[in-house]
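A.B. asks: how would this look folded up:
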Amino acid sequence: VLTALISVVARPLTTAALARAPLAVDSLAAWPVVSSWLFLLQGPALAVQETTVALYDGAQTGAVLRRFTALVAAALLLVSGILALPGPSDFCFRVLFGLSPELASLCGVPFAVMAPTVALTAVVSLARGILVRGRTTRDIPVGVGVNLSVMAVVLFAAPLLLPWPGIVAAAFAVLLSLAA
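C.D. replies: As a prediction, this is how the structure comes out:
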């Protein structure tokens, strides 16, 4: 319950930070598109946790699951990396999602910054799956708390220190919080 509560706080925290950052209105308009697109790409990475919970039973399956996770992470990183390139990125945001040229151009950098999160999500999902399977989940809320703390610091400090649009600061906050 604590993990879910902490996680739910991230959305309004991000929205509040975007509203106070440079290019607030454009960032608020573009953020749901970028974050939703990445969330869709993270689907297979999120499924690693369930796979791990179902199959993990020690060193032998652990090695197989680590290889599986590495393949999932590499495939997702490749796909998100290709989609972050200027041509595919422009197609996705302008044609697929129907954004204006101005908003579409604002989406490219944050999407590229957050592209590695799909691979990081697979690795985090493996670790969480092992903890859940071993019934040692007390460390998960601590990790989520660290994640949220890093996100909050970056969300509110970056616009004060750097002349970035809010959406770029938010992208770095997501990347750094997941890496923490």
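A.B. asks: Show the pLDDT at the residue in the chain sticking out farthest from the centre.
C.D. replies: Farthest-out residue of the chain from its mean C-alpha position, per CA atoms, centre = their mean: Gln60, at 29.6 Å. For Gln60, the model assigns a pLDDT of 88.
A.B. asks: Identify the residue nearest the geometric centre of the chain.
C.D. replies: For the chain, the residue nearest the mean C-alpha position is Thr117 (4.6 Å; CA atoms, centre = their mean).
A.B. asks: Would you agree that one is in contact with Gln42?
C.D. replies: Yes: contact criterion CB atoms under 8 Å: Thr117 and Gln42 qualify, at 7.1 Å. For every residue, glycine as well, the C-beta is placed using N, CA and C.
A.B. asks: Helix or strand for Ala47, just tell me which one.
C.D. replies: Applying DSSP states H and E as the criterion places Ala47 in helix 43-55.
A.B. asks: tell me what that helix is packed against?
C.D. replies: Where contact means 3 or more CB pairs under 8 Å, 6 or more residues apart in numbering; DSSP states H and E, helix 43-55 is packed against helix 59-84, helix 117-133.
A.B. asks: and the angle for it with helix 59-84?
C.D. replies: Computed with axes from the mean of the first three to the mean of the last three CA atoms, to 10 degrees, the direction of helix 43-55 lies at 170 degrees from that of helix 59-84.
A.B. asks: in helix 43-55, what's buried?
C.D. replies: For helix 43-55, a neighbour-count test (16 or more other CB atoms under 10 Å) marks 44-45, 48-49, 51-53 as buried.
A.B. asks: And stretch 78-96, by the same measure?
C.D. replies: Buried-residue list, stretch 78-96, by 16+ other CB under 10 Å: 80, 83-84, 88-90, 92-94.
A.B. asks: Alpha carbons only: can I get that stretch in CSV?
C.D. replies: Extracted in CSV, the C-alpha atoms of stretch 78-96 (Å, rounded to 0.1, in the frame of the first residue of the first chain):
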residue,chain,number,x,y,z
LEU,A,78,16.8,-0.7,-29.5
VAL,A,79,13.2,0.1,-30.3
SER,A,80,13.0,3.2,-28.1
GLY,A,81,16.4,4.4,-29.5
ILE,A,82,15.1,4.1,-33.1
LEU,A,83,11.9,5.9,-32.2
ALA,A,84,14.0,8.7,-30.6
LEU,A,85,15.8,9.4,-33.9
PRO,A,86,14.5,12.6,-35.5
GLY,A,87,12.6,11.0,-38.4
PRO,A,88,10.7,8.3,-36.4
SER,A,89,10.2,10.8,-33.5
ASP,A,90,8.7,13.4,-35.8
PHE,A,91,6.5,10.8,-37.4
CYS,A,92,5.2,9.5,-34.0
PHE,A,93,4.5,12.8,-32.5
ARG,A,94,3.2,14.7,-35.6
VAL,A,95,1.5,12.0,-37.6
LEU,A,96,0.6,9.2,-35.1
